[in-house]
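S.K.: Mind looking at a prediction? Sequence and model below.
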Amino acid sequence: MRILVTGGAGFIGSHLAERLVKEGHSVVVFDNFSSGKIENLSRILRDVDVVKGDLRSRSDLERAFAGGVDAVFHFAANPEVRVGDPQEHFENNILATYNLLEEMRRRGVRDLVFASTSTVYGEASKLPTPEDYGPMKPISLYGASKLSCEAIISSYAYTFQFKAVALRYANVVGPRAKRGVVRDFVLKLLNNPRELEILGDGTQRKSYVWVEDAVEATLLAWRGTRGGFEAYNVGSEDSITVVEVADIVVEVMGLSGVRYRFTGGVDGGRGWVGDVKYMHLDISKLKSLGWSPRYSSREAVRRAAESALEELRG
């Protein structure tokens with residue numbers, strides 16, 4: 001198939017593009033390179049078509065679809081989960097998704113996979129949280145924009161006969177990640193190996209999933225969905241606290257006697273306004289299709305700390 005990957009030069013998108021190329025698909029990477037890096041595609045650069053463009057531009061989208069497209073993996077977004085400019089989330093997440101859907105509709109492309117997020121649930125009262133949990137009350141602009149995208153995609157699926165899949169990812173970690181708590185801790189400790197600032201009160205508890213496990217889940221969900229709109233949680237079987245993440249990073253870096261300095265956080269110990277304090281997803285729906293993560297949260301964080309340390313030192 002000829003597959004368009006928006007945000008294909010980003011963290012998850014580049015790993016996905018690599019996997020699609022490995023499977024023999026023809027891949028078009030569409031990215032504005034605001035956060036994505038061409039270096040992320042170094043292993044497959046000769047095997048993909050790269051289109052630099054913005055989803056807010058109709059002419060850029062036309063270039064991306066020019067050679068024909070059979071399916072779209074939509075991974076482009078404003079990735080900032082902390083408080084930011086509402087217009088940025090609206091334009092780069094919601095409006096961008098609408099523009100993409102319209103281009104697909106005009107060209108008769110009816111196969112879409114969307115990178116959503118666990119933050120669509122907000123502060124879920126049920127843990128692990130299943131896909132049919134409700135009501136969903138996102139507490140961040142990022143989560144709200146992703147839930148808005150899911151709603152628009154669902155409407156296109158049933159109005160215009162799309163097959164659409166939304167993946168609600170837990171914290172995906174691994175090589176090429178340029179944000180997130182693991183890389184943040186490694187960077188801070190490289191700068192000051194005696195003290196580590198931890199946002200919040202340290203009791204925040206979340207799930208982490210290795211990027212290759214997330215890609216495997218993404219492709220299985222895509223193949224396992226026949227039509228309409230389906231959402232799938234992608235995470236691990238367990239969850240760990242931020243302090244446990246810090247302990248793992250300190251151990252990987254071979255440090256001792258590191259003093260943890262907690263910022264105290266906001267609104268009950270969160271790291272920032274909009275930070276979901278407890279997140280653990282029910283992944284039984286994906287497991288019923290035959291998927292399970294190879295690594296626990298603890299193992300994924302350890303591997304991520306090792307890769308981040310190598311990247312930052314290298």
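M.R.: Yep, that arrived.
S.K.: ranges for the strands of the stretch 151-300 of the chain?
M.R.: With DSSP state E, counting those that start in this stretch as the criterion, the stretch 151-300 of the chain has strands at 163-169, 171-173, 195-198, 205-206, 208-210, 228-234, 240-241, 259-262, 278-279.
S.K.: Among the ones you listed, which comes closest to Arg43?
M.R.: Nearest of the strands of the stretch 151-300 of the chain to Arg43, taken as C-beta to C-beta: strand 208-210 at 18.0 Å. C-betas here are computed from N, CA, C, even on glycine.
S.K.: Could you please name the strands that closest one pairs with and the direction of each pair?
M.R.: Strand pairing for strand 208-210, determined by DSSP bridges: strand 171-173 (parallel).
S.K.: Report the rounded mean pLDDT for the partner strand.
M.R.: Averaging pLDDT along strand 171-173 yields 98.
S.K.: Could you do stretch 20-34 as well?
M.R.: Mean predicted lDDT for stretch 20-34 stands at 97.
S.K.: do the same with stretch 188-207
M.R.: 97.
S.K.: end to end, how far does it reach?
M.R.: 22 Å (C-alpha to C-alpha, to the nearest Å).
S.K.: neighbours around the residue nearest to Asp201 when sequence neighbours are not counted, how many?
M.R.: Leaving aside its sequence neighbours, Asp201 sits nearest to Gly269 (C-beta to C-beta, 6 or more residues apart in numbering; 3.3 Å). Gly269: 18 surrounding residues under other C-beta atoms under 10 Å.
S.K.: Let me know the pLDDT of Gly269.
M.R.: Reported pLDDT for Gly269: 93.
S.K.: and it, what does it touch?
M.R.: Contact analysis of Gly269 by C-beta atoms under 8 Å, 6 or more residues apart in numbering lists Gly200, Asp201, Gly202, Thr203, Gln204, Lys277.
S.K.: just Ala177 next, same as before
M.R.: Phe11, Arg183, Val211, Ala304, Ala308.
S.K.: Also Tyr232?
M.R.: Residues near Tyr232 by C-beta under 8 Å, 6+ apart: Glu131, Val165, Ala166, Leu167, Arg168, Ala217, Ala221, Lys285, Leu286.
S.K.: again, only using 10 Å
M.R.: 116, 131, 165-169, 217-218, 220-222, 224-225, 281, 283, 285-286, 289, 291 (C-beta atoms under 10 Å, 6 or more residues apart in numbering).
S.K.: and Asp213, what is it in contact with?
M.R.: Val172, Val173, Gly174, Val234, Gly235, Ser236, Trp291, Ser292, Pro293, Arg294, Tyr295, Ala300.
S.K.: let's see 7 Å
M.R.: Pro293, Arg294, Tyr295 (C-beta atoms under 7 Å, 6 or more residues apart in numbering).
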